[in-house]
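K.L.:
structure here, sequence nowhere to be found:
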């Protein structure tokens, strides 16, 4: 049976990811052929997300199955799949900046194939929702990059968040993600990192990586203030921002 164009496109994108991931340096000592490579750990993590597994434990259960094992080797180019614990140990030290170039590589492919034009919706630029999302919280496990809340009379709460951005178009189920900005403890910072600080870094990175990409940023009421609007306008982007009655009495 001939393969669909969508499958061929997915294969090409995954191969591009695999080729770039192989260039990320593995800083572990005592490298040898019997060790599971950093490439295989990263591609295994991609497979978990791409195959929509609800957890690493579910992936751990299914990976020996013949069909899954075949796909991991042929589609994701994985030679040895790490267990869930070892996968975490391999991935945790990897600097997220290594993945920044991966987003630009894939975005360039979208541009060259003219798919980007399909997302054009507003004359002012591409519609780009921005929002923060939490992906880790614990009162026991933490790392130097964790932000920390200290509720009165309770244990400190450690957490990691991301500021996510993607290009969307009403009527299209596909979205085009740009590199999200980690919300983590900054070096020599006296306060926790936050969404507004992450927005400053996010816009700076977008300007550097996509200098000709004009956006219309869609954001919630957290960002409806003068300094944030001035920041967005300084990069020549448009904006659609919620302004709640209770937060902006003088404006309304």
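P.N.:
Nice, I can see it. What you see is a predicted model; the values in this text were computed from it and never measured.

K.L.:
hang on, residue 198 packs against residue 132?
P.N.:
Yes: under the criterion of Cβ atoms under 8 Å, residue 198 makes contact with residue 132 at 7.5 Å. (Glycine included, C-beta is placed from N, CA and C.)

K.L.:
and the two? which has more neighbours close in?
P.N.:
The neighbour comparison of residue 198 against residue 132 (other Cβ atoms under 10 Å) goes to residue 198, with 22 against 18.

K.L.:
secondary structure element holding the more buried one?
P.N.:
Taking DSSP states H and E as the definition, residue 198 sits inside helix 195-209.

K.L.:
now what about that helix, what contacts it?
P.N.:
100, 103-104, 130, 132, 161, 163, 165, 178-183, 186, 213, 215, 222-223, 228, 231-232, 235, 237 (Cβ atoms under 8 Å, 6 or more residues apart in numbering).

K.L.:
can you tell me which of those residues are in helices?
P.N.:
Mapping the contacts of helix 195-209 onto helices (DSSP state H) picks out 100, 103, 104, 228, 231, 232.

K.L.:
so what's the fourth one up against?
P.N.:
With contacts defined as Cβ under 8 Å, 6+ apart, the neighbours of residue 228 are 196, 199, 241.

K.L.:
how many neighbours does residue 191 have?
P.N.:
Residue 191: 9 neighbours (other Cβ under 10 Å).

K.L.:
circling back: joint contacts of residue 198 and residue 132?
P.N.:
When contacts are counted by Cβ under 8 Å, 6+ apart, residue 198 and residue 132 are jointly contacted by 163, 183.

K.L.:
need the longest strand for this structure.
P.N.:
Longest strand in the chain, counting residues (DSSP state E): strand 126-138.

K.L.:
tell me which other helices or strands that one touches.
P.N.:
In terms of contacts (3 or more Cβ pairs under 8 Å, 6 or more residues apart in numbering; DSSP states H and E), strand 126-138 is packed against strand 157-167, helix 195-209, strand 215-219.

K.L.:
how about a cut-off of 7 Å?
P.N.:
strand 157-167, strand 215-219 (3 or more Cβ pairs under 7 Å, 6 or more residues apart in numbering; DSSP states H and E).

K.L.:
strand partners (parallel or antiparallel) of that strand?
P.N.:
Applying DSSP bridges, strand 126-138 is found paired with strand 157-167 (antiparallel), strand 215-219 (parallel).

K.L.:
buried residues in that strand?
P.N.:
Judged by neighbour count (16 or more other Cβ atoms under 10 Å), strand 126-138 contains these buried residues: 126, 127, 128, 129, 130, 132.
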